[in-house]
Each structure stands twice: as C-alpha cells, then as structure tokens.
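Coordinates for the following, if possible.
(one chain, ligands or ions: 1)
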Amino acid sequence: MPVPKRKRSRARRDKRFANKGLKIKAFTQCANCQESIMPHQACTACGHYKGRKVVSTKADRAVKRAETSKAKEAHKGSAKQAIDAQSSE
Ligand SMILES: [Zn+2]
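Predicted coordinates for the structure are as follows:
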C-alpha cells in the first residue's frame with residue numbers, strides 16, 4: 001500500500017486551507033417586497049418567485065390558522081346554541 005514518504009509540515013498543510021475563506025454571495029432583490037434574496041430562490045419574506053406567489057410564509061400560515069380557529073369557534077358556538085334551544089323547549 002502506497003504511503004507518503006514523509007509527514008506534511010504544518011505550513012504546507014495550512015496553506016491548503018488558506019484559500020477557503022468566506023465568499024461574498026451574490027444577492028438580488030425581491031421584485032415584490034425589495035427584500036435581499038438569493039438568486040433563483042423564492043423570497044423567504046413574501047414567498048414570491050418571478051412575480052408569482054409560490055410559497056406560503058409564516059405570516060400566511062398564522063393568518064390561516066387564526067381564520068380556522070375562528071371558524072371552529074363559530075361552529076362550536078352555533079352547535080351550543082342549538083343544544084340550548086333544544087333543552088329549553
Ligand atoms: Zn419578497
């Protein structure tokens with residue numbers, strides 16, 4: 001089995017990692033909300049991509065959840081009213 005003839009010095013080894021610094025990434029702006037976004041990716045703030053809504057955001061889900069719970073509450077309330085009406089007769 002081939003084996004390296006001698007140990008690589010720390011200097012030689014570390015030179016390999018010297019060029020692995022952080023790179024500045026390219027950013028574009030969302031056409032809908034002007035948020036900085038990664039190119040070719042949907043906006044995380046508003047969920048738009050190429051002028052079209054493609055992803056539901058956290059805020060959207062919160063709104064939907066509130067609507068659902070409100071509807072459920074209303075349904076419960078109407079059911080209780082019906083039961084109350086029946087028992088009073
Ligand atoms: Zn956006």
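
Going along the chain, name the helices of this protein.
Residue ranges of the helices in the chain, as given by DSSP state H, are 10-17, 58-88.

JSON lines please, covering these and showing mean neighbour count, distance to residue 25 and mean pLDDT.
All C-beta atoms are positioned from the backbone trio N, CA, C, and that covers glycine. Compiled in JSON lines, the helices of the chain are given as follows (neighbours: other CB atoms under 10 Å; distance: least, CB to CB, whole Å; pLDDT from 0 to 100):
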{"stretch": "helix 10-17", "mean neighbour count": "9", "distance to residue 25": "20", "mean pLDDT": "93"}
{"stretch": "helix 58-88", "mean neighbour count": "10", "distance to residue 25": "23", "mean pLDDT": "85"}
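
I'd like to know which of these lies nearest to the ion.
In terms of CB to the ion, the element of the helices of the chain nearest to the ion is helix 58-88, at 11.6 Å.

Please tell me how far the closest one is from the chain's geometric centre.
Taking CA atoms, centre = their mean, to the nearest Å, one finds helix 58-88 lying 29 Å from the centre of the chain it belongs to.

Correct me if wrong: residue 42 contacts residue 50.
No: with contacts defined as CB atoms under 8 Å, residue 42 does not count as touching residue 50, sitting 9.0 Å away.

Just want to know which of these two has more residues nearby.
Here residue 42 and residue 50 are compared on neighbour count by other CB atoms under 10 Å; more neighbours surround residue 42, at 18 against 8.

Now the phi/psi pair for that one, please.
The main-chain torsion angles of residue 42 are listed as degrees, to the nearest 10 and equal phi -70, psi 150.

Identify the residues contacting it.
Neighbour list for residue 42: 48, 49, 54, 55 [criterion: CB atoms under 8 Å, 6 or more residues apart in numbering].

Top of these by number of neighbours, please.
Per-residue neighbour counts (other CB under 10 Å) across the contacts of residue 42 peak at residue 48, which has 19 neighbours.

Thought residue 30 was touching that residue, still the case?
Yes: contact between residue 48 and residue 30 holds when scored by CB under 8 Å: they sit 6.3 Å apart.

if I pick the residue positioned nearest the centre of the chain, what's in contact with it?
A centroid search over the chain (CA atoms, centre = their mean) returns residue 44, at 5.6 Å, as the residue closest to the centre. The neighbourhood of residue 44, defined by CB under 8 Å, 6+ apart, consists of 35, 37, 55, 57.
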